[in-house]
Every structure is written in structure tokens, then in C-alpha cells.
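Visitor: Quick one, structure for this:
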Amino acid sequence: MVTPDAHALVVAVLGLGEAGSAIAADLVAAGVRVRGYDPAVTPADGITATAGEAEAVRGADLVLSVNSAKAAVDALAAGLDGLRPDALWADLNTAAPGTKRQLAGIAEGAGVPFTDVAMMAPVPGRGLRVPMLASGPGAARYAAVLTPLGANIEVLDGPAGLAASKKLLRSVFYKGMAAAVVEALDAARAAGDELWLREHIAAELTAADAGTIERIIDGSRRHAVRRAAEMEAAADMLTELGVPPAMADASRAVHERLAQGPPQASERKKRASGTPGQARALPERPERFGQRPEGVRLRVMRQVDDHQVDSGVAVSGGCGRRRFQISIRLDAQVDRAGDLVHVASDGGAVPGQHVL
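Guide: Down below sits the predicted model:
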């Protein structure tokens, strides 16, 4: 492989772990001169071993920093002295967008073209062909150098940090889902139900479609209070089974936050909270037809324990000459403290004061 000015392409690979070594091997196979440095790894055949970053990048047209997010800034600082004029520095580490912007600023100050690269799939088995996103001032040039060698690169029109942002946004979902599956199966194994849960998870993933996302979002917000209580119970169960409930606890916390509503609603609740220990007076809610029913009462039919009720709600009253009475049965798992404030089991709930 030669550059436009007819000299052999030289690529420095900083970090020869699982990802770096696979990419370096593909570059060697494509006829690229590869110089490598990793303080903990001996370079494979075909890679020129060096004693440090500055030595590795000397004479390189392209530098691939594939070490770690924590080492990325130090690697760039250590390699700047050895760079040839106009060498391109590509950071392939999974780092926060802020770190990528910091690297871009250091490179710009030294007159070095920089690109933020995000690898969007595991590198083993793919090597240089792993799907990549590239952003920043050197992104187009990065793609122009490596695409002819078989690289799969999507150039983003944006600054350094954009590629990292997109990858990490997706990681919140993928890695979060993976962690939830692992925790759930650990618990199912401890409970003797692993096969059943495996089949259930597989069926849910297979049945997912474009509408699944909206159903998840809508259901999570609408049933946030009940689901927070449900995940608290799930976390208790996992603890009993000897499985740390990291994801169950996180799910409970997210649903509790959703139950608070948008920030402006939370502020309204805070202003109406009153003095600690007293019943909260909630703000008046305008009714759809401009009138409020009178005589609304709630009674608890059977108390299960201190936090759960199996309750019946008798709603009666009227608007003008029209009278009504409706009996409603509530979910047995309703969190009593979330529905009533200081209401005796044989008393009535006063609208605007007790019913949330």
C-alpha cells in the first residue's frame, strides 16, 4: 500500500490488545508498514516493535490510538514529539465525548489533524472491517486512507466527540439490556427457573417490532409508581436469592424518577408539599367540563400489610342535578403511601388534600 506521493503507507498502532492487535494484523496483511507499541504486549510478526509512543509514531502517516480511554490523553501527549508533519492522529478508544474534544484541542494546538473514531461492534473476528464512525476534522482523510484496505467507515459531519456520543448513546441501551438479561438469568438460575426465563426472553426479543419502543416508553411512564414498587420487590427477591440486584435497583430508581413527572411538575409538587409531617394540600385540578364532583370518598376494604392494600374505591357525588356512584377495585400491589396521605382506613379522602 502506497500513499499518493508514492511512499509506502506507515501506520502506528498504540495499544496491541484484543482490538489493536486484530487491526494491526489486517494492516500488515494489506501490505501496510505497521509500527506498534504496547508496554504489556509483544508485537506479533510483521509489526515493528518500538520502545514508546514517540518512537512508534515517528515516520507514520496515520496513528491509531487503541489503548484505553484513561491512557488516551497521555498517549497523545507522549507521541506529539515524534510525529511527522501532517500525520493524522485517530483515537479509537471508547471515551466520553468530552475526552475526545480534549484530545482534539490538544492536537489542534500542536497543528495535528485529529479524528474521533467509534468502533460499533466487537473487533475480534472483524478486525479492520469492524463498522466505525468517524467525526472531527480528520474524519474524511481517515476514511480515504483505510477504506481501500477494507475498512468499514461512516464519516459524520460534525466535530470530534460526535462519533463517541453516538456510540455511547447506543451503549446505554445495548449494555444495559445485556446487564439486565445476565442479572435476570443469574436470579432465575438460583430460583430454579432459568430455562423458563430464557425461553421467555427469547420470545420477547423475537416479537419486538418498530412499535415496541413506544409501548415501552408509554407503559413505563404511565405505570411508573406501580413498577417502582414491583422492582423494589424484585430487588428484595434477588437479595434473598444471593444475587446482587444492581439492575433491579437501577430500574426501581428510574421508575421512581418517572413517577415524579417532568421537572416543572416536580417543582409544582415541591411548592405544594407544605410543612413536613402534615397532609399535603394539592393544587386544584380543572375538570374537563368546568365542574368538580362533590362527596368523593375512599375506603380501604382489607389491609394486607403496612405498605400494600387490597382496596375498593367508592366515588359518589354530582354535578348539578346529576348524581353518580361508581365502585372501583384497585390493584392489590398499590403503594398505599403513594395514593393517600394520613387517611384513616375507615375515613374519607378529601379531594385536593388526600388523594394523589
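Visitor: The closest residue to Pro159 other than its chain neighbours and Thr94: what is the separation?
Guide: For Pro159, the nearest residue in space outside its immediate sequence neighbours is Gly136; the separation is 6.0 Å by C-beta to C-beta, 6 or more residues apart in numbering. Quick note: C-beta positions are derived from backbone N, CA and C, even for glycine. With the distance defined as C-beta to C-beta, to the nearest Å, Gly136 ends up 16 Å from Thr94.
Visitor: residues in contact with the residue nearest to Pro159?
Guide: Going by C-beta atoms under 8 Å, 6 or more residues apart in numbering, Gly136 touches Lys100, Ala104, Phe114, Thr115, Asp116, Gly158, Pro159, Ala160, Gly161, Leu162, Ala163.
Visitor: in the protein, which spans are helices?
Guide: With DSSP state H, the ranges of helices along the chain come out as 18-29, 53-57, 69-79, 97-109, 139-146, 162-191, 194-207, 212-222, 224-241, 246-259, 263-271, 336-339.
Visitor: Please report the distance of the residue nearest to Pro159 from Val117.
Guide: The spacing between Gly136 and Val117, counted by C-beta to C-beta, is 9 Å.
Visitor: residues bridging contact with these two, i.e. touching both?
Guide: Shared contacts of Gly136 and Val117, counting by C-beta under 8 Å, 6+ apart, come down to Ala163.
Visitor: Flag the shaky bits of the stretch 151-300 of the chain, pLDDT-wise.
Guide: Scanning the stretch 151-300 of the chain for pLDDT under 70 picks out the ranges 263-300.
Visitor: Apply 90 and report the result again.
Guide: Low-confidence segments of the stretch 151-300 of the chain, defined by pLDDT under 90: 261-300.
Visitor: List only those of the contacts of Gly136 flagged as buried.
Guide: The neighbour-count criterion (16 or more other C-beta atoms under 10 Å) marks Lys100, Ala104, Phe114, Thr115, Asp116, Pro159, Ala160, Gly161, Leu162, Ala163 among the contacts of Gly136 as buried.
Visitor: Give the single residue among the residues you listed positioned nearest to Asp61.
Guide: Distances from Asp61 to the buried ones among the contacts of Gly136, taken as C-beta to C-beta, are shortest for Thr115 (13.4 Å).
Visitor: out of everything not next to it in sequence, what's closest to that closest one?
Guide: The shortest distance from Thr115 to any residue other than its chain neighbours is 3.8 Å, reached at Gly138 (C-beta to C-beta, 6+ apart).
Visitor: what's around the one you found, how many residues?
Guide: Neighbour count of Gly138, defined by other C-beta atoms under 10 Å: 24.
Visitor: quick one, what contacts it?
Guide: Applying C-beta under 8 Å, 6+ apart, the residues contacting Gly138 are Leu88, Trp89, Ala90, Pro113, Phe114, Thr115.
Visitor: dump the residue contacts of the first one.
Guide: So the one you mean is Leu88. Contact partners of Leu88, counting by C-beta under 8 Å, 6+ apart, are Asp61, Leu62, Val63, Val112, Pro113, Phe114, Thr115, Gly138, Arg141, Tyr142, Val145.
Visitor: hmm, back to that, want to try JSON lines for the buried ones among the contacts of Gly136, with distance to Gly242 as columns?
Guide: Supplementary listing: the buried ones among the contacts of Gly136 in JSON lines, determined by distance: C-beta to C-beta, whole Å:
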{"residue": "Lys100", "distance to Gly242": "40"}
{"residue": "Ala104", "distance to Gly242": "47"}
{"residue": "Phe114", "distance to Gly242": "48"}
{"residue": "Thr115", "distance to Gly242": "47"}
{"residue": "Asp116", "distance to Gly242": "42"}
{"residue": "Pro159", "distance to Gly242": "47"}
{"residue": "Ala160", "distance to Gly242": "45"}
{"residue": "Gly161", "distance to Gly242": "41"}
{"residue": "Leu162", "distance to Gly242": "43"}
{"residue": "Ala163", "distance to Gly242": "41"}
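Visitor: ok, which pair from these is furthest apart?
Guide: Of all pairs drawn from the buried ones among the contacts of Gly136, the one with the largest separation by C-beta to C-beta is Phe114 and Leu162; the distance is 12.7 Å.
Visitor: pretty sure Gly161 is touching Ala104, no?
Guide: Yes: with contacts counted by C-beta atoms under 8 Å, Gly161 reaches Ala104, the gap being 7.4 Å.
Visitor: roughly how far apart are the residue most central in space within the chain and Pro137?
Guide: Using C-alpha atoms, centre = their mean, the residue of the chain that lies closest to the mean C-alpha position is Val172, 1.7 Å off. When C-beta to C-beta is the yardstick, Val172 and Pro137 sit 27 Å from each other.
Visitor: Ok, Ala188 next?
Guide: From Ala188 across to Pro137, the span is 49 Å (C-beta to C-beta).
Visitor: picking that back up, so how far is Val145 from the residue nearest to the centre of the chain?
Guide: Using C-beta to C-beta, which is the criterion applied here, Val172 is 31 Å from Val145.
Visitor: Please apply the same query to Glu108.
Guide: 20 Å.
Visitor: Which one's more surrounded, the two?
Guide: Val145 (21 against 14).
Visitor: Need the nearest residue in space to the more buried one, chain neighbours excluded.
Guide: In space, not counting the residues next to it along the chain, Val145 is nearest to Leu62; the distance is 5.7 Å by C-beta to C-beta, 6+ apart.
Visitor: For Ser135, which residues are in contact?
Guide: For Ser135, the set of contacting residues under the criterion of C-beta under 8 Å, 6+ apart consists of Thr115, Asp116, Val155, Leu156, Asp157, Gly158, Pro159, Ala160, Gly161, Leu162, Ala163.
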